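[1] Fold the following for me, if possible:
(2 chains)
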Number of protein chains: 2
Amino acid sequence: MENVHTLAAFNMGIDTHQEPVVYMREDCHVCVAEGFNASSRVLVTNGSHMLIATLNVVERHVLEAGRVGLSKIAVQRLRASDGDEICIGHAPVLHSLSHVRKKVFGHALSAFEMREVIEDISAHRYSDMEIASFLSVCAGGRLDLDEIISLTQAMVACGKRLTWPGEARIFDKHCIGGLPGNRTTPLVVSIASAAGLTVPKTSSRAITSPAGTADTMEVLTTVDLPLDRIQAIVAETGACLAWGGAVNLSPADDLLIRIERALDLDGEGQLIASVLSKKIAAGSTHVIIDIPVGETAKVRTRQQADRLASLFTEVGQACDIFVRCVMTDGSKPIGRGIGPAEEAKDLLAVLKNEPGAPRDLRQRALHLTANLLDLADNTGLDAAMRKAVEILDSGQAWQQFQRILRAQGGIKALPQAAYQHRQLAVRSGVLMSIDNRRLSRLAKLAGAPLDKAAGLRLFVEVGDRISPDQPLFTLCSESTGERDYALEYYRQNQDIFVIQESV
Amino acid sequence: MENVHTLAAFNMGIDTHQEPVVYMREDCHVCVAEGFNASSRVLVTNGSHMLIATLNVVERHVLEAGRVGLSKIAVQRLRASDGDEICIGHAPVLHSLSHVRKKVFGHALSAFEMREVIEDISAHRYSDMEIASFLSVCAGGRLDLDEIISLTQAMVACGKRLTWPGEARIFDKHCIGGLPGNRTTPLVVSIASAAGLTVPKTSSRAITSPAGTADTMEVLTTVDLPLDRIQAIVAETGACLAWGGAVNLSPADDLLIRIERALDLDGEGQLIASVLSKKIAAGSTHVIIDIPVGETAKVRTRQQADRLASLFTEVGQACDIFVRCVMTDGSKPIGRGIGPAEEAKDLLAVLKNEPGAPRDLRQRALHLTANLLDLADNTGLDAAMRKAVEILDSGQAWQQFQRILRAQGGIKALPQAAYQHRQLAVRSGVLMSIDNRRLSRLAKLAGAPLDKAAGLRLFVEVGDRISPDQPLFTLCSESTGERDYALEYYRQNQDIFVIQESV
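    Predicted coordinates:
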């Protein structure tokens, strides 16, 4: 049988992010006996906790003999304390990697093969490079309908699945993203749940955008909630606005999203599986998907949107969930704020019916809510719209939003960014368009979404007549480095705002 | 302008293999000012040396304030000594990564785009994940002819290019691999150069096999030779058997091969570009490509082989190099040894015309040499074959091989593996077939090619009648861990050797 080697755990105090790293001395008997070298993949066990890690080899003075160094994530996953007896061996040959190679070579994966890949990823058995390879060959329309269905089902199977006792119908709403500032979800959830629907909303953090709903809600309240708390909140209020990752719904998705973010990749099949696996795991039965369509949005053409909508609907049917896709205008940013805190300001203004509240954000939220209410009651869109407007205008939605936040642990004060730079226009004319992608990039370079207060506040919208020295936006950042870096990017990309002298 | 931050260099004594890692304290002013966190990509500069590295964040006790820790490869590439003033900033947005995304989404890259990707990879600006993504979406036949041509030319352009003064025609030979033990190159080089051809052979190390020609030759002599030495050796002997990486021919290839190895990936376009870029950079004008075809070889069908041969020829034409592909039998392993030292033993036996020398290895080497001689002189294959046989049988090839090795720095004694396990047959019958892929895997698990003495020595060949307790092979390894691991794999894969009771 295979040899078992043990070394004493030592916390290296090194944060390697999600990929676990173990450190062994170059003269370590385990390295010598097993033929390990830097970048070997090794199996590391502490009692009942096990993981596959990447090896870094260290000089003798870095680590005492008889010890194995562990990076922060390795310490966490192994529940290791210094001195624990850690067993080390060759990483097993992962059978599922042969499925990844099959996909590399252009062959479709069976449901069983997809399940094996996702199980191994969920169990943290893949290196970052291996996940990157898998995601890259699944992106760009390379997953067929059956593969998207099996990917969705595999992702559901690898995590918890929520049930909502006593509720036959569970409603949800999701935007596929690509529009900066498009923070309708908290509005839709507040209005629809005020109307009596059960909307236990669990959201992701941003993948490639300056803010996801979870990032924005985290500015206002606690979103990192355990399952029993979420269930209690929904029982009390009919809704929640929580982060999905904390309840271990589709945990593979969070691991995949991390690599997608590093590669700035957001594949179609992956997108559908990511969205629907979270919905199914959350116990949803009826879902509205907002698909913004525009030249600089995530989906650029109506044709692309139709294809995506049809895939969403078909995958939904195969997975027993009713999906309605709503195409919306994706030609320009929504609201005035971009980044978690700035978007939170906008949605509070809409909920409170403040005079300066962004009308476009309000209008989109009402349109989506009407679709959700119509899906529930089949009263027709016009009647549903009147109902939604009434709930928002009467303040019932604002009351409901506050109820949800109090149930989640209270309402936080909005943070202020340490550095605020007001950018002025240098020419006059009409603002013809704003580039969503590069505007998002600007907000990200300023530090969003990791810095909650970072981002942008716009003072202009498409169609406005602009005078020189009129403020275009305020750039908010928490460090001078990020501020300067973002402004340098803006100087090189001033045509994010297309201003034309005469129309 | 962007802020410039400096910290004092500190060698962490950590080997992170090829991906440079820098370590900064969690309270470091640079992290705070720039908004860095674990896994951020950062630009690191030491005088005129610059690289992009991945950040690991460390606790305060790990590093003194004001210091930046550097992994081994970062120290090397930055030429850094402890205390050097290191500048740190955000990694630039790599424009070429948008080309990778374009490829992810299924679009062909222009020559210019391909060139930008390869330039950035050559300059070590890509993370391992980014290289993994690029390689994965280029594998599986996803590069079209024009892309393979531009990849080849980009790889040539990013490295040195050798010239051979006074030689109009430079000959070379390459096997695309997949057959364990198929070490014909040193034989072909010796015979052809003894016949008067100029054959300055630079080889790769193994990608996914238990040994490459460079690995095997390193057992016998020095292969890590600077360019001026290679030129002197070729001027003296008409040939060399060096490692290509040491002379910086197509340096991108070595970086790509490292990731291909980790992912066990070996794409078609990448393969052609890798082979031909090395040949063109080495100044070759006439090249024979050996394509073994067999069910468990790298190329499984004649149809696949034809496609590969036609691509090789077309890319060669576009790049002004004459390529002749030779399809050979790839149904079974060649020779008796698998792994660097064991293959070296076989080729010495053939060169010395020893009675026990493997006939199949001899025959293949003669066949390929005849093709090369015919390519040179156009005398017809039969006459070329007679000439090759005469040179080998008369001992001229052996004399020439020794001349080359002496010129490269002398002949080394063969290493012996620390652990040798003789595996016996458990049943009788006729050996019907041997699985090349799993046999290679077995040799790799035993430690080949990193451990030169590790690998296998076969005692049987396809068609032999086997008795119980007859030795099938000896497994050679340098550690008990690898030995036991390989034997465990063999126990689960005994059908690598298909033995049938009655035929």
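[2] Neighbours of A:Gly410, how many?
    The number of residues packed near A:Gly410 is 10, by other Cβ atoms under 10 Å in any protein chain shown. To be clear about C-beta, it is placed using only N, CA and C from the backbone, and glycine gets the same treatment.
[3] which bits of the stretch 151-300 of chain A sit near chain B?
    Within the stretch 151-300 of chain A, the positions near chain B by Cβ under 8 Å from any Cβ of the partner chain are A:Ile259, A:Ala262, A:Leu263, A:Asp264, A:Leu265, A:Gly267.
[4] Contacts only, for the last one.
    Same thing as A:Gly267. A:Gly267 is in contact with A:Leu135, A:Cys138, A:Ala139, A:Gly140, A:Gly141, A:Arg142, A:Leu143, A:Glu260, B:Val104, counting by Cβ atoms under 8 Å, 6 or more residues apart in numbering or on different chains.
[5] Show me the two of these that sit farthest apart.
    A:Gly141 and A:Glu260 (15.5 Å; Cβ to Cβ).
[6] Please identify which of these two sits among more neighbours.
    Shown here are A:Gly141 and A:Glu260; by other Cβ under 10 Å, A:Glu260 has more neighbours (23 against 14).
[7] Give me the distance between the more buried one and A:Val189.
    25 Å (Cβ to Cβ, to the nearest Å).
[8] for A:Cys319, same thing?
    For A:Cys319 relative to A:Val189 (Cβ to Cβ), the value is 22 Å.
[9] repeat for A:Ala206
    18 Å.
[10] which one is A:Glu268 nearest to, not counting chain neighbours?
    Distance criterion Cβ to Cβ, 6 or more residues apart in numbering or on different chains; nearest residue to A:Glu268, sequence neighbours excluded, is A:Gly141 at 5.5 Å.
[11] Can you list which of the contacts of A:Gly267 are found in helices?
    Secondary structure defined by DSSP state H assigns A:Leu135, A:Cys138, A:Glu260, B:Val104 of the contacts of A:Gly267 to helices.
[12] which strand in chain A runs the most residues?
    strand A:49-58 (DSSP state E).
[13] Show me what counts as buried in that strand.
    A:Leu51, A:Ile52, A:Ala53, A:Thr54, A:Leu55, A:Asn56, A:Val57, A:Val58 (16 or more other Cβ atoms under 10 Å in any protein chain shown).
[14] would you list the ones in helices among the contacts of A:Gly267 in a markdown table and tack on distance to A:His174 and pLDDT?
    Shown next, in a markdown table, are these (distance: Cβ to Cβ, whole Å; pLDDT from 0 to 100):
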| residue | distance to A:His174 | pLDDT |
| --- | --- | --- |
| A:Leu135 | 20 | 95 |
| A:Cys138 | 20 | 93 |
| A:Glu260 | 17 | 86 |
| B:Val104 | 23 | 91 |
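[15] What is the neighbour count of A:Ile334?
    For A:Ile334, using other Cβ under 10 Å, the count is 28.
[16] does it really touch A:Asn182, like I thought?
    Yes: at 4.2 Å, A:Ile334 counts as touching A:Asn182 under the criterion of Cβ atoms under 8 Å.
[17] shared neighbours of those two, anything?
    In contact with both A:Ile334 and A:Asn182: A:Leu361, A:Arg364, using Cβ under 8 Å, 6+ apart.
[18] Secondary structure element holding A:Gly166?
    Remark: A:Gly166 resides in no helix or strand, with elements defined by DSSP states H and E.
[19] so how far is A:Asp320 from it?
    Counting by Cβ to Cβ, the gap from A:Gly166 to A:Asp320 is 19 Å.
[20] and A:Lys387, that's in a helix?
    Yes: counting by DSSP: H, G, I helix; E, B strand; the rest coil, A:Lys387 is found in a helix.
[21] Just list the residues touching it, thanks.
    A:Ala195, A:Ala370, A:Leu373, A:Thr379.
[22] Tell me both backbone torsions, phi and psi, for the second one.
    It stands for A:Ala370. Dihedral pair for A:Ala370: phi -60, psi -40, per degrees, to the nearest 10.
[23] wouldn't it be in contact with A:Leu381 here?
    Yes: with contacts counted by Cβ under 8 Å, A:Ala370 reaches A:Leu381, the gap being 5.5 Å.
[24] pLDDT weak spots in the stretch 1-150 of chain A?
    Low-confidence segments of the stretch 1-150 of chain A (pLDDT under 70): A:1-4, A:32-33.
[25] can you give me the strands for it?
    A:5-11, A:14-15, A:21-25, A:41-46, A:49-58, A:67-70, A:85-90 (DSSP state E, counting those that start in this stretch).
[26] Let me have those in TSV, extended by distance to B:Pro355.
    As requested, these are exported to TSV (distance: least, Cβ to Cβ, whole Å):
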stretch	distance to B:Pro355
strand A:5-11	45
strand A:14-15	59
strand A:21-25	47
strand A:41-46	44
strand A:49-58	45
strand A:67-70	51
strand A:85-90	40
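[27] Pick the most deeply packed of those.
    strand A:67-70 (a mean of 26; mean count of other Cβ atoms under 10 Å in any protein chain shown).
[28] and A:Asp329, how many neighbours?
    14.
[29] For it, which residues are in contact?
    A:Pro292, A:Val293, A:Gly294.
[30] who wins for neighbours among the residues you listed?
    Going by other Cβ under 10 Å, A:Pro292 tops the contacts of A:Asp329 with 24 neighbours.
[31] got the CA positions of the host helix or strand of A:Asn371 in PDB?
    Applying DSSP H and E as the criterion places A:Asn371 in helix A:359-377. Extracted in PDB, the C-alpha atoms of helix A:359-377 (Å, rounded to 0.1, in the frame of the first residue of the first chain):
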ATOM      1  CA  ARG A 359     -36.900  57.800 -12.800                       C
ATOM      2  CA  ASP A 360     -35.300  55.200 -15.000                       C
ATOM      3  CA  LEU A 361     -34.500  52.900 -12.000                       C
ATOM      4  CA  ARG A 362     -38.000  53.400 -10.700                       C
ATOM      5  CA  GLN A 363     -39.600  52.600 -14.100                       C
ATOM      6  CA  ARG A 364     -37.500  49.400 -14.600                       C
ATOM      7  CA  ALA A 365     -38.300  48.100 -11.100                       C
ATOM      8  CA  LEU A 366     -42.000  48.700 -11.700                       C
ATOM      9  CA  HIS A 367     -41.900  47.000 -15.100                       C
ATOM     10  CA  LEU A 368     -40.200  43.900 -13.700                       C
ATOM     11  CA  THR A 369     -42.400  43.800 -10.600                       C
ATOM     12  CA  ALA A 370     -45.500  43.900 -12.900                       C
ATOM     13  CA  ASN A 371     -44.200  40.900 -14.800                       C
ATOM     14  CA  LEU A 372     -43.700  39.000 -11.600                       C
ATOM     15  CA  LEU A 373     -47.200  39.900 -10.300                       C
ATOM     16  CA  ASP A 374     -48.700  38.900 -13.600                       C
ATOM     17  CA  LEU A 375     -46.800  35.600 -13.500                       C
ATOM     18  CA  ALA A 376     -48.400  35.100 -10.100                       C
ATOM     19  CA  ASP A 377     -51.900  36.200 -10.700                       C
END
